[in-house]
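Asker: 3D, please:
(one chain, ligands or ions: 1)
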Amino acid sequence: MRREDNDSWDLLTGVGTTATGIAAARALASKGADSLISDPFARPLVEALGVDYYLKMADGELEGEETDSFDLSVMADGIAVRTQFFDEFFLNATGTGLRQAVILASGLDTRAYRMQWPAGTTVFELDQPEVIDFKSRTLADMKVTPTARLHSIGIDLRLDWPSALLTHGFDTSRPTAWIAEGLHGYLPAEAQDRFLDTITDLSATASRIAIDWHPDLNITSNDRSREVSRSERQRSNGVDIKDPSDMIYLGPRNNIGDYLSARGWQIQTHTAEQRFAANKMTFHHDDAAAGLLRAHYTVATLG
Ligand SMILES: C[S@@+](CC[C@H](N)C(=O)[O-])C[C@H]1O[C@@H](n2cnc3c(N)ncnc32)[C@H](O)[C@@H]1O
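Answerer: Here you go, the predicted structure:
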């Protein structure tokens, strides 16, 4: 599937499948008493989508099949490290008194339901309308309630999402904790700049942002990842993503770290490999998961 300017999706088509795959990996990563993360809602959300492939992934039941050589624990470990990074970011931000949080490109992120937010915290989450609708409806059906005051906003992040945020009560005078997890590359280069400019404009001094990104997105488009996507295992399970990088806007774009620095953000960046080490986890070298394993993780504070 090649990208188009006004494309949209649900959780089983186009870019939406990435949110589903990530939730399945998060469910798998949450298994076990000593797991780094715990997302009790990831598996039920994947189950509610009703596609066997993703449920098998969530349960780790694709492991050991001989149809291809991709070990799902590579994906699960990468997601565990990434999830822990953004969880810790919110814990630190709220620990310093921030009470307004925005989860951009939220997908099946359940932080607004599973984290213990301090009293008085407002969380906004934004993603495509069908993605937001599915998650909100499914969790409500499960009688799962948000742990903060939650505004879920269905909107395309290439459109006028700041107006939607303001309409839902976002307060520009309050410092905000922003995350954009797993979004890099799904926005075109110029939309990325507008996105970062907008976040900066909406941010009071002392706002923070956490974001994962790649200095060179082209590394995510490689033969190894295509080999795994074309595998019999995926096709026989009803998933047909020929080349995951078709969903990404490749080609030149601004470096996110440099861009934020130039706009007054004090940044700190670590590689995924460093995040694995910080969590005492063994790093994997597998370009099938380059999007996770070769990511950079940046935390930045404004002013
Ligand atoms: C890899 S998923 C990550 C989801 C979530 N942050 C997580 O880590 O579980 C990418 C998400 O970006 C969202 N996304 C990408 N481009 C978008 C756009 N233009 N407008 C709204 N959402 C977008 C997708 O719908 C999807 O939920």
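Asker: Could I get the pLDDT score of the residue of the stretch 101-250 of the chain found nearest the ligand?
Answerer: Nearest residue of the stretch 101-250 of the chain to the ligand (C-beta to the nearest ligand atom) works out as Gly107 at 2.6 Å. Glycine gets a C-beta too; all of them are placed from N, C-alpha and C. Turning to Gly107, the model gives it a pLDDT of 98.
Asker: Now do the SS call for it.
Answerer: Under DSSP: H, G, I helix; E, B strand; the rest coil, Gly107 falls in the coil class.
Asker: which residues touch it?
Answerer: By C-beta atoms under 8 Å, 6 or more residues apart in numbering, Gly107 lies in contact with 18-19, 22-23, 127, 131, 135, 182.
Asker: Mind doing that once more with 10 Å?
Answerer: Taking C-beta atoms under 10 Å, 6 or more residues apart in numbering as the contact definition, Gly107 lies against 11, 15-16, 18-23, 26, 45, 125, 127-128, 131-132, 135, 181-183.
Asker: right, and the helix or strand after the worst-scoring helix or strand of the chain on mean pLDDT?
Answerer: Least confident element among the helices and strands of the chain, by mean pLDDT, DSSP states H and E: helix 232-236 (a mean of 57). Next helix or strand after helix 232-236 toward the C-terminus (DSSP states H and E): helix 256-262.
Asker: from the chain's centre, how far out does that following helix sit?
Answerer: Here helix 256-262 is found 20 Å from its chain centre; the criterion is C-alpha atoms, centre = their mean, to the nearest Å.
Asker: Could you do stretch 100-107 as well?
Answerer: From the chain centre to the centre of stretch 100-107 is a distance of 9 Å (C-alpha atoms, centre = their mean).
Asker: Over to stretch 139-151?
Answerer: The answer for stretch 139-151 is 19 Å, by C-alpha atoms, centre = their mean.
Asker: Show the average pLDDT along that stretch.
Answerer: For stretch 139-151, mean pLDDT is 98.
Asker: Can I take it that Thr269 is in a helix?
Answerer: No. Read with three-state DSSP, Thr269 is strand and lies in no helix.
Asker: Identify the residue spatially nearest to it, adjacent ones excluded.
Answerer: Nearest residue to Thr269, sequence neighbours excluded (C-beta to C-beta, 6 or more residues apart in numbering): Thr298, at 4.5 Å.
Asker: So Arg2, which state does it fall into?
Answerer: coil.
Asker: Could you count how many residues lie near the closest residue to it other than its chain neighbours?
Answerer: The shortest distance from Arg2 to any non-neighbouring residue, by C-beta to C-beta, 6+ apart, is to Asp246 (5.8 Å). Applying other C-beta atoms under 10 Å, we find 15 residues neighbouring Asp246.
Asker: Can you verify my assumption that Asp246 contacts Gly14?
Answerer: Yes. When contacts are counted by C-beta atoms under 10 Å, Asp246 is listed as touching Gly14 (9.5 Å).
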